[in-house]
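Chemist: All I have is the shape, not the residue letters:
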Ligand code: F6R
């Protein structure tokens, strides 16, 4: 989604803002812009496309007068096409105010009608231009711009993270949030506000996680956080960020995605940190909660696939019945029938996904405890959940999620073992054996990843021109088949469908012909004979099969890809990077924008 940064300090502000926007590029965007004050005016420069286009325009801008206060925006179109007139910042009619905005003002059409009746004109199709003009209008009867800003926000329904600059106060930035991320960074003689921490991390690690319904007024040396409702001051804890820019950079890899795939051994190690004591799992975050009688897992996209995978472990090891549902469906169910001792688990890498957040709120309204499994510390979901488990995977920059899924799978495995202890679903010895296998994963993966990468590269050359793909799996491999298909389509734009292998003959098999290959997860587990039958059915229709399998199994298929053997369901930790690497290599070979696939955003803060 859109990226925002505001800066007030002592450095030339435009380069700080542009570099900040660059570090937010992973969020996905289609246009960008900056605003800064100088010579008594507010200057706005905007461009469609990548940041380089904006920089090019700035280089020709005569009014660049090294301001020390500026704000910038990368836009991912929601209202209106991705063209310059819709790019942010937007100015009010009298040119006194400029605004950048992430989110959607749902009642902007009604507000616009009122403003049009008063003579306001609009040059864009955006809700943001309505909001900034509403502030101009409310300022006529308000003591100052802060009161006008607050009043306009109280009238706006929807989601927003906004920054506002006023021509009359050149060194000041106002900002506010409602269900969209906004973080305040405190430097020395400089202050920041941004959609995510990397935007300002080279300058400060001290942050305040702003909350919904808060406004901040910042200058180079001062800041005030206020309640939107009545502008009462609010005191916040200042957090120190432990990770650094190194963790958010490519470290020699061709793409962030590749780096993040190769980080998975470390992600597993870090996921264990603080979660083991005397050979058993400790999850202090869960100690105060009862073991759920039934768990509802709610998530979107890749996180949803993790949930489907985790169900097998939670049911098998901990004997907790699990339902898994897509958040955008769950939130609009007319009646979710919760029983006493039910629990909801929301899974979200970003912790900001609008549908998952709404599902969390809906469940909380029903009085059900909601556990959050998040990567981004201090994110909305992490803050609103009854308890939160962090995946500790570090920043995931590539839009396509990879290491986050691995970290979610690890945490789901640890949760299953933890509840298995409390539920007596497994003996201590069984838990220890499983933990030993999990603890061995980092070394196993470190050793296996280079060869897997090589095999992925070979197969990608053979299949890159294919237009359609099936991914099949059974049991714990079914969610991985879904994930394999999602990765291939989102990165390379090749049509791919994930299916439960047993479901093929109920319709989809009609599509099979020699040009429609099938990627089968044929790992050495109890369901393998069934999977082999499904594979043979595909081959009987002249379908080509790539079998992701283990050494020593007798497979008669077009292409065999052998990966190290692990007992099911832990084998998923090895199969997952194979699927990711195959999609990565196909997309890279086809020359696609691997880290920022078209039409996608890292953090989906609209429904
Ligand atoms: C796919 C992908 C998306 C996300 C989904 C949920 O590669 O990244 O499908 O998994 O948008 O995002 P989070 O986990 O941040 O809630």
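Modeler: On my side now, so go ahead. Bear in mind the structure is a predicted one, so any value in this text is a computation, not a measurement.
Chemist: For the ligand, give me its nearest residue in the stretch 501-607 of the chain.
Modeler: residue 604 (4.8 Å; Cβ to the nearest ligand atom). Every C-beta, even on glycine, is put in place using the N, C-alpha and C of the backbone.
Chemist: So what's the residue count around that residue?
Modeler: Applying other Cβ atoms under 10 Å, we find 21 residues neighbouring residue 604.
Chemist: ditto for residue 386
Modeler: Neighbour tally, residue 386, other Cβ under 10 Å: 16.
Chemist: who's in contact with it?
Modeler: Residues in contact with residue 386 (Cβ atoms under 8 Å, 6 or more residues apart in numbering) are 289, 364, 369-371.
Chemist: One more pass at 10 Å, please.
Modeler: Residues in contact with residue 386 (Cβ atoms under 10 Å, 6 or more residues apart in numbering) are 288-289, 343-344, 360, 363-364, 368-372.
Chemist: Residue 250 now?
Modeler: 256-260, 397-398, 595.
Chemist: May I ask which two of the residues you listed are separated the most?
Modeler: Using Cβ to Cβ, those reach their maximum pairwise distance at 258 and 397, which is 11.3 Å.
Chemist: Can you check which residues contact both of these two?
Modeler: Common neighbours of residue 258 and residue 397 are listed as 250, 595 (criterion: Cβ under 10 Å, 6+ apart).
Chemist: where does the chain have its least confident helix or strand?
Modeler: strand 276-277 (a mean of 86; mean pLDDT, DSSP states H and E).
Chemist: Could you spell out the sheet neighbours of it, each with its direction?
Modeler: Strands that pair with strand 276-277, judged by DSSP bridges, come out as strand 280-281 (antiparallel).
Chemist: same question for the strand it pairs with, mean pLDDT?
Modeler: For strand 280-281, the mean pLDDT works out to 93.
Chemist: now do stretch 572-584
Modeler: On average, stretch 572-584 scores 98.
Chemist: same thing with stretch 594-607?
Modeler: 81.
Chemist: Flag every residue of this protein that's near the ligand.
Modeler: 300-303, 348-350, 353, 356, 400-401, 486, 490, 603-604 (Cβ under 6 Å from any ligand atom).
Chemist: Touching, residue 99 and residue 124? I think so.
Modeler: No: using Cβ atoms under 10 Å, residue 99 is not in contact with residue 124, being 11.6 Å away.
Chemist: number of nearby residues for the closest residue to the ligand within the stretch 301-450 of the chain?
Modeler: Closest residue of the stretch 301-450 of the chain to the ligand, Cβ to the nearest ligand atom: residue 301 (1.9 Å). Applying other Cβ under 10 Å, we find 23 residues neighbouring residue 301.
Chemist: these two touch, right, it and residue 479?
Modeler: No: counting by Cβ under 10 Å, residue 301 does not reach residue 479; the two are 11.9 Å apart.
Chemist: Which residues are in contact with each of those two?
Modeler: residue 405.
Chemist: Check which element follows the one helix or strand residue 455 maps to along the chain.
Modeler: Using DSSP states H and E, residue 455 sits in helix 428-463. Moving toward the C-terminus from helix 428-463, the next helix or strand (DSSP H and E) is strand 468-473.
Chemist: Go through that next one and flag the buried ones.
Modeler: Under the neighbour-count criterion of 16 or more other Cβ atoms under 10 Å, strand 468-473 has 469-473 buried.
Chemist: Could you dump these into a markdown table and include pLDDT and distance to residue 207?
Modeler: A markdown table is the format used below for these (pLDDT from 0 to 100; distance: Cβ to Cβ, whole Å):
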| residue | pLDDT | distance to residue 207 |
| --- | --- | --- |
| 469 | 97 | 42 |
| 470 | 97 | 45 |
| 471 | 98 | 40 |
| 472 | 98 | 45 |
| 473 | 98 | 41 |
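Chemist: Farthest pair within these?
Modeler: Farthest pair in the buried residues of strand 468-473, by Cβ to Cβ: 469 and 473, 13.4 Å.
Chemist: Identify the contacts common to those two.
Modeler: Here residue 469 and residue 473 share the contacting residues 484, 498, 519, scored by Cβ under 10 Å, 6+ apart.
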